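**Student:** coordinates only, sequence not included:
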């Protein structure tokens, strides 16, 4: 929960369209991946579906890179980047947060919910790779 809270906090300037350094664009995806790796540990061995996670990771990366190349990025004279209208980062982070909360709390409430955890992990993985693909594409596009 600390990693996802940190991811939400670090993403806040982007959602408010405030300028920040290019290197800070890469921090939320790293924190999101920490959440996904933790969630992978919650999946029971009999419920693992590696094809689903691999597909979600590949899909998220492709979608993130495509979005990163088409997102509007403003660079000021100090080299700070501002992403106006980039609410997709907020949406992806909220999806990761929701998936992590569901994967953590649902099996505690409903025993059959343990079968949902691989799907929640895949959704979180999709969001994490989306954020990382988008951040890397924006980072490479805005370098001078």
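**Tutor:** Alright, I've got the coordinates. Everything numeric here is computed off the predicted structure, so don't read it as measured data. Numbers count the residues shown, from 1 in each chain.

**Student:** How far does the lengthiest helix in the chain sit from its chain's centre?
**Tutor:** Ranked by residue count and defined by DSSP state H, the top helix of the chain is helix 117-142. Distance of helix 117-142 from the chain centroid (CA atoms, centre = their mean, to the nearest Å) equals 5 Å.

**Student:** okay, now the closest residue to residue 132 other than its chain neighbours: neighbour count?
**Tutor:** Spatial nearest neighbour of residue 132, chain neighbours left out: residue 29 (3.6 Å); criterion: CB to CB, 6 or more residues apart in numbering. C-beta: built from backbone N, CA, C; applies to glycine. Neighbours of residue 29 under the rule other CB atoms under 10 Å: 25.

**Student:** so who does residue 29 touch?
**Tutor:** 128, 129, 131, 132, 135 (CB atoms under 8 Å, 6 or more residues apart in numbering).

**Student:** From those residues, pick the one nearest residue 107.
**Tutor:** residue 128 (20.9 Å; CB to CB).

**Student:** And the spatially closest residue to the closest one that is not a sequence neighbour, how far from residue 68?
**Tutor:** Spatial nearest neighbour of residue 128, excluding adjacent residues (CB to CB, 6+ apart): residue 32 at 3.8 Å. From residue 32 across to residue 68, the span is 15 Å (CB to CB, to the nearest Å).

**Student:** Neighbour count: those two, which is higher?
**Tutor:** Neighbours around residue 32 and residue 68, counted as other CB under 10 Å, are more numerous at residue 32. The numbers are 29 against 24.

**Student:** follow-up on the earlier one: how about the secondary structure of the residue nearest to residue 128?
**Tutor:** helix (DSSP: H, G, I helix; E, B strand; the rest coil).

**Student:** Isn't it up against residue 124?
**Tutor:** Yes - between residue 32 and residue 124 there is a contact under CB atoms under 8 Å: 7.5 Å.

**Student:** what do these two both touch?
**Tutor:** residue 96.

**Student:** Closest one to residue 89 out of the contacts of residue 29, please.
**Tutor:** Using CB to CB, residue 131 is the member of the contacts of residue 29 that lies nearest residue 89, at 6.5 Å.
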